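Q: Pasting the sequence and the predicted coordinates here, then a few questions.
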Amino acid sequence: MRCPRVSLWGVLWLWLPLAGGRPLRPDKVQADTRNLTRTLSTRIRHLQLLPVTLRIWGLEVGEEVTPQTGGVPEGGGVPEAGLGALAQRLPPLQRLLGTLAPGHPPLAQVANDTENLRSLLLTLVTLLGCPLPAVSPPPGVPPRLAELVAEAPHTVAAVALARLRDCLDAIATRLDGPPAC
Amino acid sequence: MERRRSALRNKMYQQIILATFVLLGFLQVADAQCMVHQIPPRNFTLPCMLLNKTFLSPFSAEVVESWSGWRIEHGAPETKPPVLMNEESFLCCLWSDNNIDCSLYRASMQARKFIPSEISISASQEIDSNWNIECWIKGKLDLLVCTVQFLKLYLRADLKLNLLYAASELSLGDVSTSSLKGTVVAVQCDCSAYDRCECHLPSLGLNHTLIMWLKATVGGTPLWSPVASVKPIDIVKPEPPLNLHLDMTEEGQVKICWSHPEPMPYPLEYEVKISASSGQSSWQMVHVAEETSLAVDNTLLDSSHLVHVRCRNRHGPGFWSDWSSPYNLSWGAEVLYFPPKILTSVGSNVSFHCIYKNKSKTVVSKKIVWWLNLAEEIPESQYTLVNDRVSKVTLFNLKATKPRGSFFYNTLYCCHQNRECHHRYAELYVVDVNINITCETDGYLTQMTCTWSANPTTVLLGSSLQLRYYRSTIYCSDVPSTSPKSEVKECRLQKNHSYECTFQPIFLLSGYTMWIEFKHSLGTLESSPTCVVPADVVKLLPPSSVKAEITRNVGLLNVSWTNPIFANDDLTFQIRYAVNREEITWELYEVSNAPTRSAVIQVQKLCVEYVVQVRCRELTGAGYWSNWSGSAHTLVKDVKAPLQGPEFWRIIIEDPARRQKNVTLLWKPLMQNRSLCSVSRYVIKHQTSGNTTWSEYVDNGTTCSFPWTEHTHAVTVLAMNSMGVSSINFNLTLSQQMSTVSAVESLRAYLVNSTCVLLIWTLSPQIYTITSFVIEWKHLNKEEELKWVRVPPNISQYYIYDHFVLVEKYQFSLCPVFAGGVGKATTTDHFTKGDLQDLYVVYEIAACKGGYENENNTSLSVVLPIVISTSVLLLGALLVSHQRMKKLFWEDVPNPKNCSWAQGVNFQKRMDIL
């Protein structure tokens, strides 16, 4: 059952940039992805919400807070994963940042960059012929997390940015070498 | 019998009870409802009833005295606004085909429902009279008008009529008598006309329910109408259609067109009446149309026909409007263009069609010619004969319309080939929508600002421009295209008439496809869409922490900086540098991909302060140059040891008493370009004939004195800075022996002007080699310092520049300097006069501007021929002038030899007469 979904994703993301007939080169997409990753890292650094050295509790909302589903996991880095899997970790963070964005233009910009980064990653994954993630991330922000955002936006922003930075580090490591999945 | 009577009585009682119950039930039902007459979109009749008769109605038992708080105000003039009623009552009626029962309902009574009646009220009821009524909403939808006509005209005498109404947002089924409480308004009707009154109600919601009734007073007797109701939208009488005109289709089909009236609350249907105008047979055709045009037969155009149009609600009830003003087909058919107006963009091709009728006779299409702006006949090659009546012209690759006075369009005239044109024309608007949109992303990569400007001369009056855009997920397509899913971006008008639109936040790698939409009543034009990826148009922040210094020993300008934030590593840089002075002249140096964030630039001047700025952009060439960074300034430091020691001279003062000579050395401060860049001290090295050497240092000043005791005393002056001492230095040997050697035979000083003196000297034969001369001069009447200059040994004249006064005394000395020591000085203390020829002085004055001159100066070769030729010309002119003067003042003496009487006379021989 997964194979058709994977190929559908592949076709979609391959044709999205190619719709206008521009031949996309993997090295160009990789360079843009690398640059955007650095830009995002710089932005996060300048937001001065990090590092979160304290252990934050109260954000445990079960499965909602895992990186894969859009939550804010507590502590720990992002395990090594392929570009496709890394791309799949971005939408929840992007949605979370988007929820935080009203009234916080820098966070809105980070959310936009995250969306662009995910698109680039998926395009790159498609161009390289890498396996695409099988499971689409659920839309929206989990209800409990929405409550947390309303209750403690600063904490959620800091933790979300920390998660995003970990993800960016993993992406940067993947992109430093020659094009690879 | 008694039982039968009793049974009959019981039965009668039962029937009475039953009848009473039935009657009570009927009364209850009747009491709970009031029938309402539905006002139709046409005239209708309502009965009017005397109040006392209504009390005779079976419902009169329930009549209560009055609704408290209701009050009617009569006598309000028709023009005055309606008055809210505080106390009123109305007839509550129930009717059937052959009966009508009414009672006066008052506010204090139990609420009753209004029910619409499907039966018209018959005028044959027992009533006093009838009112013939017509109500409609005027076309502007701001006024409801009711006309009331009395069928019994005797009632006209002393009549006062009021129309009472209440409006509700509810439908009639939901409205009851209680909802009228406090909402009833009365207007007094205008009964100045003979047979009718006219009542005006102000604007009401078209979909509201209007409950209304009439109350008239005739000679103090009140007359009432039953309650009627209407939804205003059902009785709208639109304004008649407007702007009737003829138009034609591309195929040459003629159609009559009109505009719908405004406001238009619903779709309209139209009725078109075409009739022969007076003088012809009076026939007429009526067509129904749903659009605002109707094709007409071309044959109708050749004779005079009138067209009228009227309209009404297409799908619901309503009145027909009045007929429009008549339109004469023959007038409008003289010339027809299709389309009559065109709005298009620069570079496009357009076509116009035309039917031309010359004095009621249609001109065949092959005889039609086209003119542009009444000035330029369009070539026949651009014509197409669509059919025998329709001509088409096509204009190619159009240029923007230039406003001519107040005309913002080109005019196209369809004319007869005999150069006769109708005054009507087609209008062509060509707008330049080639609007360039340029975008720039800020250095923080958070906003993209796009600017665009439209040529104000090509923007039409009443048009508007707006930027539309849509965003692709990532990147742009190769061929950007417009999309209906676009959004309008708000832009701000700038002082320079350009527009500025800001996107923030942005999607750095998304493609923003943008174009300008030009909107005009004639249509919409779009500029070519352009797609921008914000990451490709970044104007980076300028480099920071710029530092600059001149490298020691090698004289290089070393510049370093820090790359801006949010910049990639692959950048190209431009460095501009200049000597820091009032008028800065920048020099540019480019650096591609500088991973060290530094550059080294070779510079000519080492001992000056440089100002340096750096800017950067993407190495790929994408985006824009950043602004220039802040300025960095170099410090002036010694870069090398002085290149040369100073020139110096000596003054010898003899002390006869002590039989000693004191020598004072004078030198000129070393210039920066020789000292590189400063002199910290001077070193004077002495060497005497006894081979004794020593040095002394002068930190401040440019003189040094010492006693001259030996036969020869050699001196060298060195310049010293933080990098070392000068390597090339001047020497001077003071020799007792050489000081008596004279080398100059003569020395003359010529005062050329107050700032220049020419020294000319001749040398005597000698055996020593002269290495240089030193010229000294001083003002004898003033205690001034001795001035001196070292000159080369191969010249024999020198121009001294100073301030000289003719009447003052100056002393000039010329000292030959030999390798073995300074020779004897030759001195003169006066200026030579008269020896210098005028010609030579002219030449010398010219040369005075240039210091000492070489012998092979070429100026003389230019000036001398000019002076000589001028002199020759002057001489010739003088000779000619002399001859002419001689002839003028001295008459010719005749030659006696030419006289007849003197023939044969020898004038050489003496002839004594006496």
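A: Received the coordinates, thanks. Predicted, not measured: the structure shown is a model, and the values here were computed from it.
Q: pLDDT at residue 128, what is it?
A: Chain wasn't specified; assuming chain A. Among the per-residue scores, residue A:128 holds a pLDDT of 87.
Q: wait, I meant chain B there
A: Looking at residue B:128, the pLDDT reads 60.
Q: Repeat that for the one 4 residues further on.
A: We note a pLDDT of 89 for residue B:132 in this prediction.
Q: SS state for it?
A: The local conformation at residue B:132, judged by DSSP: H, G, I helix; E, B strand; the rest coil, is strand.
Q: mind listing what it touches?
A: By Cβ atoms under 8 Å, 6 or more residues apart in numbering or on different chains, residue B:132 lies in contact with B:43, B:44, B:45, B:148, B:149, B:150, B:151. Every C-beta, even on glycine, is put in place using the N, C-alpha and C of the backbone.
Q: Of those residues, which pair is most distant in space?
A: B:44 and B:150 (14.3 Å; Cβ to Cβ).
Q: Which one of the two is surrounded by more residues?
A: residue B:150 (22 against 17; other Cβ atoms under 10 Å in any protein chain shown).
Q: Let me see the contact set for that one.
A: Counted by Cβ under 8 Å, 6+ apart, residue B:150 has contacts B:129, B:130, B:131, B:132, B:156, B:159, B:195, B:196.
Q: in the stretch 401-550 of chain B, what residue is nearest chain A?
A: residue B:477 (1.8 Å; Cβ to the nearest Cβ).
Q: Could you measure from that residue over to residue B:202?
A: Separation of residue B:477 from residue B:202 (Cβ to Cβ, to the nearest Å): 58 Å.
Q: Settle it for me: which of those two has more neighbours?
A: The residue with more neighbours, out of residue B:477 and residue B:202, is residue B:477; 17 against 11, by other Cβ under 10 Å.
Q: The more buried one and residue A:30: what is the separation?
A: For residue B:477 relative to residue A:30 (Cβ to Cβ), the value is 21 Å.
Q: burial count for residue 121?
A: No chain in the question, so chain A it is. Using other Cβ under 10 Å: residue A:121 sits among 29 other residues.
Q: Oops, wrong one, chain B.
A: Residue B:121 has 23 neighbours, counted by other Cβ under 10 Å.
Q: swap in residue B:221?
A: 13.
Q: Next one, pLDDT for the closest residue to it other than its chain neighbours please.
A: Using Cβ to Cβ, 6 or more residues apart in numbering or on different chains and skipping the chain neighbours, the partner closest in space to residue B:221 is residue B:50 (6.4 Å). On the pLDDT scale, residue B:50 is placed at 75.
Q: Tell me the bridge partners for residue B:50.
A: Beta-bridge partners of residue B:50, counted by DSSP bridges, are residue B:223.
Q: My guess is it contacts residue B:218. True?
A: No - under the criterion of Cβ atoms under 8 Å, residue B:50 makes no contact with residue B:218, lying 9.4 Å away.
Q: Doesn't residue B:179 belong to a helix?
A: Yes - judged by three-state DSSP, residue B:179 forms part of a helix.
Q: Next, the contact list for it, please.
A: Taking Cβ under 8 Å, 6+ apart, one finds B:166, B:168, B:170 in contact with residue B:179.
Q: list the contacts for residue B:451?
A: Taking Cβ under 8 Å, 6+ apart, we find residue B:451 in contact with B:437, B:438, B:439, B:440, B:494, B:498, B:499, B:500, B:501.
Q: In PyMOL, how would I select just the buried ones from these?
A: The buried residues among the contacts of residue B:451 can be selected in PyMOL (16 or more other Cβ atoms under 10 Å in any protein chain shown) with this line:
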select buried, chain B and resi 437+439+440+499+501
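Q: Residue B:112: which of the contacts of residue B:451 is nearest?
A: Closest to residue B:112 out of the contacts of residue B:451 is residue B:501 (63.7 Å), distances taken as Cβ to Cβ.
Q: Need the pLDDT of that closest one.
A: Looking at residue B:501, the pLDDT reads 96.
Q: anything in the strand or helix carrying it near chain A?
A: Taking DSSP states H and E as the criterion, residue B:501 maps to strand B:498-503. No - against chain A, strand B:498-503 shows no contacts by Cβ under 8 Å from any Cβ of the partner chain, the least distance being 10.3 Å.
Q: same question, stretch B:529-543
A: Yes - using Cβ under 8 Å from any Cβ, stretch B:529-543 reaches chain A at residue B:535.
Q: Pull the residues that contact stretch B:802-812.
A: With Cβ under 8 Å, 6+ apart, stretch B:802-812 has contacts from B:747, B:749, B:751, B:754-757, B:759, B:775-781, B:787, B:800, B:827-831.
Q: What is the burial count for the closest residue to residue B:263 other than its chain neighbours?
A: In space, and not counting its chain neighbours, residue B:263 is closest to residue B:141: 5.6 Å by Cβ to Cβ, 6+ apart. Around residue B:141 there are 19 other residues, counting by other Cβ under 10 Å.
Q: what's the distance between residue B:141 and residue B:236?
A: 7 Å.
Q: circling back: so between residue B:50 and residue B:218, which is more surrounded?
A: Taking neighbours as other Cβ under 10 Å, residue B:50 and residue B:218 compare with residue B:218 leading, 21 against 15.
Q: Go ahead and confirm that one touches residue B:191.
A: No - using Cβ under 8 Å, residue B:218 makes no contact with residue B:191, being 11.1 Å away.
Q: so what sits against both of the two?
A: Joint contacts of residue B:218 and residue B:191 (Cβ under 8 Å, 6+ apart) are residue B:159.
Q: okay, and the common contacts of residue B:141 and residue B:236?
A: Counting by Cβ under 8 Å, 6+ apart, the residues touching both residue B:141 and residue B:236 are B:206, B:265.
Q: Just confirm residue B:160 contacts residue B:188, I think it does.
A: Yes - the criterion here is Cβ under 8 Å, and residue B:160 meets it with residue B:188 at 7.3 Å.
Q: So if I had to pick from these two, which one is more boxed in?
A: The neighbour count for residue B:160 versus residue B:188, taken as other Cβ under 10 Å, is higher for residue B:188 (22 against 17).
Q: where does the chain dip in pLDDT?
A: All of this is about chain A. Low-confidence segments of chain A, defined by pLDDT under 70: A:1-22, A:50-53, A:59-80, A:134-142.
Q: actually it's chain B I care about, not the one you picked
A: Using pLDDT under 70, chain B drops low at B:1-31, B:51-88, B:122-128, B:152-157, B:277-283, B:457-458, B:553, B:834-867, B:885-914.
Q: What residues does it have near chain A?
A: B:445-446, B:472-480, B:504-510, B:535, B:565-566, B:568.
Q: make it 6 Å
A: B:445-446, B:473-475, B:477-478, B:505, B:507-509, B:566, B:568 (Cβ under 6 Å from any Cβ of the partner chain).
Q: Buried subset of those, written for ChimeraX?
A: The buried subset of those, as determined by 16+ other Cβ under 10 Å, is captured in ChimeraX by this line:
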select /B:445,446,473,474,475,477,505,507,508,509,566,568
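Q: In JSON lines: the residues of chain B next to chain A, plus secondary structure.
A: Shown next, in JSON lines, are these (three-state DSSP):
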{"residue": "B:445", "secondary structure": "coil"}
{"residue": "B:446", "secondary structure": "coil"}
{"residue": "B:473", "secondary structure": "coil"}
{"residue": "B:474", "secondary structure": "coil"}
{"residue": "B:475", "secondary structure": "strand"}
{"residue": "B:477", "secondary structure": "coil"}
{"residue": "B:478", "secondary structure": "coil"}
{"residue": "B:505", "secondary structure": "coil"}
{"residue": "B:507", "secondary structure": "coil"}
{"residue": "B:508", "secondary structure": "coil"}
{"residue": "B:509", "secondary structure": "coil"}
{"residue": "B:566", "secondary structure": "coil"}
{"residue": "B:568", "secondary structure": "coil"}
